[in-house]
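Novice: just a sequence and a predicted model for now, questions to come.
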Amino acid sequence: MQNLSRRTFAKAALSVLAMPTIIPARALGRDGAIAPSNRLTIATIGLGDRGNQHLGTFFGMPEAEILAVCDIHEPSVKKQLDRIAKANPKSSCKGYRDFREVFARKDIDAVTITAPENWHALMSILAMRAGKDVYCEKALSLTVAEGRAMCNTVKQTGRILQAGTQQRSDTRFRQACELACNGYLGALKEVYVSAPSGKRLLKFPTAEIPADVDYDLFLGPAPYKPYRQNIYKYNWYFLTDYCAGWIQSWGVHHLDIALWGAPVLGQSTLDISGTVGFLPEGDADVTFEWDITATEPGGVVLRYYSDGKHPYGHGVRFIGDKGWVHVTRADIKASDPKLLGIVMRPADIHLPISKNHMANFFASVKERSQPIAPAEACHAATTLSLIADIAGRSEQKLVWDWKQERFINNELANRSLTRPMRKGWTI
């Protein structure tokens, strides 16, 4: 079974390994500047913390030309326009409230999307249909059905979609995954994953809609409900109309690594069950604690915990019958330190290399090549987070079929794989 899994992994990885991931030298313009023909024109949709970070990254990339910024909060747009003008007085960047006006521009090559999860699928699909390449923050989508629609649109349009699961561009995570999938830990037995559960925000009081916020555009496909204080800034993370909580929005990072190093967990079926917990009071309705077990037919077990419940602490641990490796954003350690000195052999599975996630996206756009975090990979990790949440809420053992992307013989659970969009919005 182990050899079969490795052969299957290698076959699936061939197309990725064949793709270039390094930006080649570019033609230079006057005084060594990047020539206009070699620049990538960019727009950022959503100007909260992540959008702010995206723009900061672009300032350090000479080939990036920021042409548009967009947010439903007018002061955020003005703040970023001022920031861009200060960094580049010759900038022609324009500000927008409605993202559709950005997508209508023919001079924009790519967009980065940092809006809440309920917007990811709709914005990404409309952007790709408008001929834009997309960098979409994680989690990929709010539902399994939306994620599949995004992946289908990538295939239909030929556009590039890079997901914001940036741990794939971290050497430590790639090293841990290569040790696991090449058998250096022995036959893989278990994968432990633990992620933060989110801040304990109790009350989201209703309030008057601020005059400088387009609340209808904030909601978009989400159902209409009265405005709640600071909902557009941060509190949306903990309401299921906009996000499944950090079991999805943070956990997708480590689940992506689990699938990268143990792809057998995403190939056939999973028996999945466990428990979840909620805040005892307040308005948040997302999961705040979880203890989920998923087992694939060959016997490899995934244990997915919220931080504080994990016996090994935060991060991802691959455990084989000859050793283990544990990785976080700050560290990598192993049962035997010698494992960390292993150099992959030519015949081993070599995962694609990226040292900068946004630069990898730029390279993929210019070369029309597979990015380090393609839509299908993030869709699988997002799906795993969502079915974990569904299984815990159902309080029963479920069987997930990866090929059909449905639970076997449980239509009640399958109802949670999609949800209607508010009138006027559709994909």
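Specialist: Done, it's in. Numbering: from 1, shown residues only.

Novice: in stretch 211-231, what's buried?
Specialist: Along stretch 211-231, these residues count as buried under the neighbour rule (16 or more other CB atoms under 10 Å): 213, 214, 217, 218, 219, 220, 221, 222, 227, 228, 231. Any C-beta I mention is one placed from the backbone N, CA and C, and that applies to glycine too.

Novice: which of these lies closest to residue 276?
Specialist: Distance to residue 276 across the buried residues of stretch 211-231 (CB to CB) is lowest for residue 222, with 22.0 Å.

Novice: doesn't residue 241 make contact with the closest one?
Specialist: Yes. Counting by CB atoms under 8 Å, residue 241 is a contact partner of residue 222 at 4.5 Å.

Novice: got any residues that touch both of these two?
Specialist: Residues within reach of residue 222 and of residue 241 at once, by CB atoms under 8 Å, 6 or more residues apart in numbering, are residue 118.

Novice: now do the same end-to-end measure for stretch 295-312.
Specialist: 19 Å (CA to CA, to the nearest Å).

Novice: what is the mean pLDDT for that stretch?
Specialist: For stretch 295-312, mean pLDDT rounds to 94.

Novice: residue ranges of the helices in the stretch 301-427 of the chain, please?
Specialist: Secondary structure of the stretch 301-427 of the chain (DSSP state H, counting those that start in this stretch): helices located at 357-367, 375-394, 411-414.

Novice: now the first one: average pLDDT?
Specialist: I take that to be helix 357-367. In this model, helix 357-367 carries a mean pLDDT of 98.

Novice: kindly report the same for the second one.
Specialist: Looking at helix 375-394 alone, the average pLDDT works out to 98.

Novice: from now on call the first residue 826
Specialist: Sure, I'll start numbering at 826, so the last one becomes helix 1200-1219.

Novice: can I get the buried residues of stretch 1036-1056 in CSV including distance to residue 1001 and pLDDT?
Specialist: Written out in CSV, the entries for those read as follows (distance: CB to CB, whole Å; pLDDT from 0 to 100):
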residue, distance to residue 1001, pLDDT
1038, 42, 97
1039, 43, 98
1042, 41, 97
1043, 38, 97
1044, 40, 98
1045, 37, 97
1046, 37, 97
1047, 37, 98
1052, 44, 96
1053, 40, 93
1056, 37, 93
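
Novice: return the member of the residues you listed nearest to residue 1248.
Specialist: Where these are concerned, and distances follow CB to CB, residue 1248 has its nearest neighbour in residue 1046, at 9.6 Å.

Novice: can you tell me the SS state at the closest one?
Specialist: coil (DSSP: H, G, I helix; E, B strand; the rest coil).

Novice: in contact with it, which residues?
Specialist: Contacts for residue 1046 were tallied using CB under 8 Å, 6+ apart; they are 943, 944, 947, 1246, 1247, 1250.

Novice: try 6 Å this time
Specialist: For residue 1046, the contacting residues are 943, 947, 1246, 1247, 1250, by CB atoms under 6 Å, 6 or more residues apart in numbering.

Novice: can you read off the pLDDT for residue 1141?
Specialist: Residue 1141 carries a pLDDT score of 98 in this model.

Novice: and for residue 1092?
Specialist: The pLDDT attached to residue 1092 in the predicted structure is 97.

Novice: next one: it from residue 1215, what distance?
Specialist: The spacing between residue 1092 and residue 1215, counted by CB to CB, to the nearest Å, is 20 Å.

Novice: give me the more crowded residue out of the two.
Specialist: residue 1215 (23 against 19; other CB atoms under 10 Å).

Novice: just give the closest residue to the more buried one, not the sequence neighbours.
Specialist: Using CB to CB, 6 or more residues apart in numbering and skipping residues adjacent in sequence, the residue nearest residue 1215 is residue 1241, 4.9 Å away.

Novice: what's the answer for residue 1052, then?
Specialist: In this structure, residue 1052 finds its nearest non-sequential neighbour in residue 1034, 4.6 Å apart by CB to CB, 6+ apart.

Novice: the one you found touches residue 1040, doesn't it?
Specialist: Yes. Residue 1034 is in contact with residue 1040 according to CB atoms under 6 Å; the separation is 4.7 Å.

Novice: quick one: common contacting residues for the two?
Specialist: Shared contacts of residue 1034 and residue 1040, defined by CB under 6 Å, 6+ apart, are found at residue 1052.

Novice: where's the most centrally placed residue in the chain, which helix or strand?
Specialist: Centre of the chain computed as the mean C-alpha position; nearest residue by CA atoms, centre = their mean is residue 963, 2.7 Å away. Counting by DSSP states H and E, no helix or strand carries residue 963.

Novice: which residue ranges of the stretch 1126-1252 of the chain form strands?
Specialist: Read by DSSP state E, counting those that start in this stretch, the stretch 1126-1252 of the chain holds these strands, from start to end of the chain: 1126-1131, 1140-1145, 1149-1152, 1157-1159, 1223-1226, 1231-1232.

Novice: quick one: those as CSV, columns for mean neighbour count and distance to residue 975 too.
Specialist: As requested, the strands of the stretch 1126-1252 of the chain are arranged in CSV below (neighbours: other CB atoms under 10 Å; distance: least, CB to CB, whole Å):
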stretch, mean neighbour count, distance to residue 975
strand 1126-1131, 23, 23
strand 1140-1145, 24, 25
strand 1149-1152, 24, 28
strand 1157-1159, 19, 31
strand 1223-1226, 19, 19
strand 1231-1232, 20, 18
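
Novice: quick one: closest of those strands to residue 1179.
Specialist: Across the strands of the stretch 1126-1252 of the chain, the minimum distance to residue 1179, taken as CB to CB, is reached by strand 1149-1152, at 16.2 Å.

Novice: kindly provide the distance from residue 925 to residue 960.
Specialist: When residue 925 is compared with residue 960 (using CB to CB), they lie 18 Å apart.

Novice: I should have written residue 1241 there, sorry.
Specialist: According to CB to CB, residue 1241 and residue 960 sit 28 Å apart.

Novice: look at those two and report which has more neighbours.
Specialist: residue 960 (27 against 17).
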